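> A structural model of the following input is requested.
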Amino acid sequence: MRKISVIHRLYLGFGLLCVIIAGWGLFNGTMMTSISEGTSEVKERIFPFQRSVQAVEASTSGSGMAVISLARLGDSQELEARYGRLTSQITALDEQVASLAVEAGDIQLLNGFEELAQQYREALEALQQRATRLQEHQADVIRVSESVNRDLSDFLAKASEMKQLLLREASAPAGSDIYLKDLLMTVMGNLSNIELLIMQLVSTEDAERLKAVVENLRFNTVTVEQDIEAIIGEIASLESLAPIANEFFESVNSETGIVSQYYDYRSNLLAVNSTVADIEAGLDNLNSHIDQMVTAAGEAAVQTVDNLDATARFSEQLVYYLVPLILFIAVVISVWLGRLISIPLRATVNHLSAMAGGDYSRELTFRANGEFIELKESANKLAAAMREVLSSLQKAGGEITGVAASNADFSHDLSQRIRGQSDDLNSIATAMTQMEASCHHVAEAVRDTHQLVESVNSRVDESKATANANMECVNELEEQVQQTSGKLKKLESASHDIGRITESIDEIANQTNLLALNAAIESARAGEFGRGFAVVADEVRQLAQKTTSSTETIRGLVNRLQGDAAEAVSSMADSFQRLESVKSLITDASKGVETIREAVDQIRNSAEHVRTGMDEQEDVSRSVSRNVTEISESSSENLAEIEQLVATSDQLKASMSDIEALIGRFRV
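Down below sits the predicted model:
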């Protein structure tokens, strides 16, 4: 029994689980088949039957609308064609409902449908009969309407002929006779009313309104007939109107006239309306039957779905009971298979974990079955072999550790000596680099000072040139101020001369004014002979007054000019004094700039000597620093190689320590 393979035992356990799953699948398949058959019946029979009933309902609505539309047709040929199509449609509906009744007999859930279908077919037959009656009445209506329309043109032509004859023959007599005039207007108005009523008769579809129009037409016809007879008796030339009037009234009131025809039209129209009302009632009955048929088909579909739902709930309840049982059996088989494998595996894993931890002193002792017997023997052989290998490694590791320790000590001593030399060289190189940098900074500062001195010297020259240019500008300005001052003095003298001339003109104007006054007095004494002289004296006096006014204006301008000239002369004197002060300041500044230029020349010479010395010192420092740097780099390379040797020795020593520690972990 212990030799049976673990794999075979697993096969056995999985076989049992497969049998259980197959039984469960067979049960589910049976339930699903039952549900599928019910679903197929709903999908292939109930639902198509329900859609067919709904199609019959839609066709019924269309047929009802088609029947009612017959009452709105106005063409006999179209009426016949529409009625033929309607008959074919009703026949097709009857055949379709008969087919549905036969199909419902094969469906158990549609027991009462055949009776509903029979009621629907009877209502459909009644609808067919009413449609036939409606077609006949509507054909009569169309026939009468067409006859009236044919006679209407003759009627209107006769009415127009009567009006023209009356206007031609009766207008002249009516112009001189008030009675004939009133009678003619009454006849013409009644004829117009008759034409209007005929138009209303043609355009009226309602039977009650049609009756009122016909009565009104008859009344107007009788009235106008009497008036025409009266006017024919009064006017002899209207004798030819009598036969025309007789034909006109006969076309209206005879048995074959328009009024009689419209009475027939009214009766047919009432019959059409009555038939339409019957058809609407029949359609309501027909719709009621088709609604019952649709309801029956829907209830059958609902009942089928309810049956499927009940089957599904029964399957669900069985699942609730069987699934826990199947799960329990599966768990028992799984636990048995798990323990069959887990116990030997757990013992083997613990043994291998101990070996991984370094313990090779133990062996596997569990009770093995099948393949685990070979696993147990192989693990024990591996432990024995590892014990022999570890013993050999422990001996060799001790010898290698001693050699590695000696090499590491020597490498450390050599590294310390070379590191000290390298540190000294680095300090020297650092000091030389700092000194080189200091020399370079001092040289740069001296160069900057020299450049600054050159810039200051250039600026001093520019300042001196600017001062000289300013002095020249001041001299030129001084000359211009002197010239301007002389011109202003001349202007002041000229303004005084103008003032004196103005006073002379003023005195002349006053004297002229006195002379004009005297001349006016003398001309007044002379009377008529001195009138011309008085005019001249008056003009002279006005000219003297204008001259006086102009001299006053000139005097004011001259006074202002004299004041402005005096102020300008005073300002020019002040400006001349200020120019003298500026000239003195520019002279002092020019002397100071010359002194600064001499000092700057001395500083430039000293800076040139310092710059030359610092350049030589910088070259020497750079050469020494370069040599020290090369020595330091060589020492650093040697130190790196020694450091690598030290690291290698330490790594070897650490590796041997790790190996010893690793070997020490194993128990053999």
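> burial measure for Gln135, as a count.
22 (other CB atoms under 10 Å). C-beta: built from backbone N, CA, C; applies to glycine.
> And for it, nearest residue in space, chain neighbours not counted?
Of all residues not flanking Gln135 in the chain, Tyr83 sits nearest, at 4.6 Å (CB to CB, 6 or more residues apart in numbering).
> where's that neighbour relative to Ser69, distance?
With the distance defined as CB to CB, to the nearest Å, Tyr83 ends up 11 Å from Ser69.
> And Gln317, by the same measure?
In terms of CB to CB, Gln317 sits 59 Å off from Ser69.
> cool, Leu201 as well?
With CB to CB as the criterion, Leu201 and Ser69 are 25 Å apart.
> which regions of the stretch 51-200 of the chain lie under the pLDDT threshold?
70-71, 74, 104-113, 145-152 (pLDDT under 70).
> So Thr365, which state does it fall into?
Look at Thr365: counting by DSSP: H, G, I helix; E, B strand; the rest coil, its state is coil.
> how close does it get to Leu382?
Taken as CB to CB, the span from Thr365 to Leu382 is 15 Å.
> Which residue of those two possesses the greater neighbour count?
Taking neighbours as other CB under 10 Å, Thr365 and Leu382 compare with Leu382 leading, 14 against 10.
> Helix or strand: which one has that one?
Following DSSP states H and E, one finds Leu382 within helix 371-526.
> what's the average pLDDT for that helix?
Averaging pLDDT along helix 371-526 yields 66.
> try stretch 274-293
What stretch 274-293 shows for mean pLDDT is 68.
> Neighbour count for Tyr83 and Ser69, which is higher?
More crowded of Tyr83 and Ser69, by other CB under 10 Å: Tyr83, with 21 against 11.
> wait, that one sits on Ala131?
Yes - using CB atoms under 8 Å, Tyr83 is in contact with Ala131, at 7.1 Å.
> Now do Pro173: how many residues are near it, please.
Neighbours of Pro173 (other CB under 10 Å): 17.
> oh sorry, the question was meant for Ala347
19.
> okay, now the domains of the chain?
According to automatic domain parsing, the chain comprises the domains 7-324, 373-665.
> Would you mind pointing out the helix or strand Gln164 falls in?
Going by DSSP H and E, Gln164 is part of helix 113-176.
> ok, then the element right after that helix?
Toward the C-terminus from helix 113-176 - assigned by DSSP H and E - lies helix 178-203.
> buried set for that next one?
Using 16 or more other CB atoms under 10 Å as the test for burial, helix 178-203 gives 180, 183-184, 187-188, 190-191, 193-194, 197-198, 200-201.
> now do stretch 88-104
By neighbour count on 16+ other CB under 10 Å, the buried set for stretch 88-104 is Gln89, Ile90, Leu93, Gln96, Val97, Leu100, Ala101, Glu103, Ala104.
> now, among those residues, which is nearest to Cys473?
Gln89 (124.4 Å; CB to CB).
> Skip the chain neighbours and tell me the closest residue to the closest one.
Ser63 (5.4 Å).
> ok, now which ones touch the one you found?
Neighbouring residues of Ser63 by CB atoms under 8 Å, 6 or more residues apart in numbering: Leu86, Gln89, Ile90, Leu93, Leu127.
> Is it within a helix or a strand, and which one?
Using DSSP H and E, Ser63 maps to helix 47-69.
> And for Val97?
Secondary structure from DSSP H and E places Val97 in helix 76-105.
> Summarise which helices and strands that helix is packed against.
For helix 76-105, the contact count by 3 or more CB pairs under 8 Å, 6 or more residues apart in numbering; DSSP states H and E identifies helix 47-69, helix 113-176 as packing neighbours.
> out of those, nearest to Gln77?
Closest approach to Gln77 among these (CB to CB): helix 113-176, 9.7 Å.
> Please work out the angle formed by the directions of that closest one and helix 76-105.
160 degrees (axes from the mean of the first three to the mean of the last three CA atoms, to 10 degrees).
> hmm, back to that, list the buried residues of the helix holding Ser63.
Phe49, Gln50, Ser52, Val53, Val56, Glu57, Ser59, Thr60, Ser63, Gly64, Ala66, Val67.
> With respect to Phe155, which of these is nearest?
Val67 (35.5 Å).
> and stretch 128-136, C-alpha only, in PDB?
What follows is stretch 128-136, C-alpha atoms only, in PDB (Å, rounded to 0.1, in the frame of the first residue of the first chain):
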ATOM      1  CA  GLN A 128     -67.500  45.400 -45.100                       C
ATOM      2  CA  GLN A 129     -71.300  45.800 -45.500                       C
ATOM      3  CA  ARG A 130     -71.300  49.300 -44.100                       C
ATOM      4  CA  ALA A 131     -68.400  50.200 -46.400                       C
ATOM      5  CA  THR A 132     -70.400  48.900 -49.400                       C
ATOM      6  CA  ARG A 133     -73.400  51.000 -48.400                       C
ATOM      7  CA  LEU A 134     -71.200  54.100 -47.900                       C
ATOM      8  CA  GLN A 135     -69.600  53.600 -51.300                       C
ATOM      9  CA  GLU A 136     -73.100  53.500 -52.900                       C
END
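> Tell me the buried residues in it?
In stretch 128-136, counting by 16+ other CB under 10 Å, buried: Gln128, Arg130, Ala131, Arg133, Leu134, Gln135.
> pretty sure the last one contacts Arg85?
No - assessed by CB under 8 Å, Gln135 is found out of contact with Arg85, at 11.9 Å.
> re earlier: for the contacts of Ser63, please prepare TSV with the additional fields distance to Leu156.
TSV is the format used below for these (distance: CB to CB, whole Å):
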residue	distance to Leu156
Leu86	37
Gln89	42
Ile90	43
Leu93	48
Leu127	42
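> Look up how far Gln77 lies from Leu86.
For Leu86 relative to Gln77 (CB to CB), the value is 15 Å.
> I meant Arg313, not that one.
Distance of Arg313 to Gln77, computed by CB to CB: 64 Å.
> now swap in Arg85 and tell me
13 Å.
> How about Ser549?
Taken as CB to CB, the span from Ser549 to Gln77 is 121 Å.
> And Val224, by the same measure?
39 Å.
> what about the two, which has more around it?
Between Val224 and Gln77, counted using other CB under 10 Å, the more crowded position is Val224 (22 against 9).
> Within the helices and strands, which one has that one?
Per DSSP H and E: helix 207-234 holds Val224.
> So for that helix, mean pLDDT?
79.
> For Ser99, list the residues it contacts.
Going by CB under 8 Å, 6+ apart, the list of residues near Ser99 is empty.
> same thing with Ala230?
Applying CB under 8 Å, 6+ apart, we find Ala230 in contact with Leu183.
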